[in-house]
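Q: got a predicted structure here, sequence first:
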Amino acid sequence: MTLDRVIVPTVFKLSELKEPVKDGDNDDSVQFVHVPNEQELAGKFTYEVNARKIIAREYFSKGYSCFIVVIDGAIVGDLWYSTNAHAPRRLAHPDVKLLDLPLTDEDVYMFDMHVIKDMRGKNLAPRLMRYAMSYHREHGKINAYGYYESDNIPAMWTHRMLCYKELPKRRLIKFSSWKTTRPEKLSATS
């Protein structure tokens, strides 16, 4: 099966973050937590969706880290990231090369944000992203890169609400495990 989609790479200058979120900003029912590795997660919280637990294991095995949204001890959302610091163990996330992002040691690539279905529409995604962006800014990062698929309206809304700058669109073509991107040619109606 071939996948052919338009994706929108994005970048945000972390110095421009208007509403930083700190660890103490959690309210009684919602917690935002940085999880640098699988050992930090073990026994503390449980994934509400088993498929995300499997994905988390895979990402941790590659050396990636994440931020989670926790409600009543259950993980209801997560956002993953990769930096060049992850590169000694493995290459930085493959999307960095695929999207031709100029990731430096002062940058972070954030990817695969997920909020469980029952929790969508409760403003958790933007709050999670602001928490992650605040963390990275406090730890010396300059830019946060990411992307969204052009037909994913909630992702587009979140990126635009947080004032991410949209980079030139790219066409993602995927066949089985092979992926490539190329600059998107704009039609006369775009």
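A: Sure thing, it's come through. Residues are numbered from 1 along each chain as shown.

Q: and the helices in this protein?
A: Along the chain, the segments classed as helices by DSSP state H run 38-41, 50-61, 94-98, 124-138, 153-161.

Q: neighbouring contacts of the shortest one?
A: Applying Cβ atoms under 8 Å, 6 or more residues apart in numbering, the external contacts of helix 38-41 come out as 35, 56, 57, 60, 68. Heads up, the C-betas are built off the backbone N, CA and C, glycines and all.

Q: name the member of those with the most neighbours.
A: Neighbour tally across those (other Cβ atoms under 10 Å): the maximum, 23 neighbours, falls on residue 68.

Q: so that residue bridges to which residues?
A: Counting by DSSP bridges, residue 68 is bridged to residue 33, residue 78.

Q: per-residue confidence, it, what does it come out as?
A: What the model reports for residue 68 is a pLDDT of 96.

Q: show me what contacts it?
A: 32, 33, 35, 41, 45, 75, 77, 78, 79.

Q: measure it to residue 50 for me?
A: Between residue 68 and residue 50 the distance, using Cβ to Cβ, to the nearest Å, works out to 15 Å.

Q: for residue 160, same thing?
A: From residue 160 across to residue 50, the span is 32 Å (Cβ to Cβ).

Q: just residue 76 next, same as before
A: When Cβ to Cβ is the yardstick, residue 76 and residue 50 sit 13 Å from each other.

Q: who's more crowded, the two?
A: Between residue 76 and residue 50, residue 76 has the larger neighbour count (other Cβ under 10 Å), namely 25 against 9.

Q: all set now, cheers.
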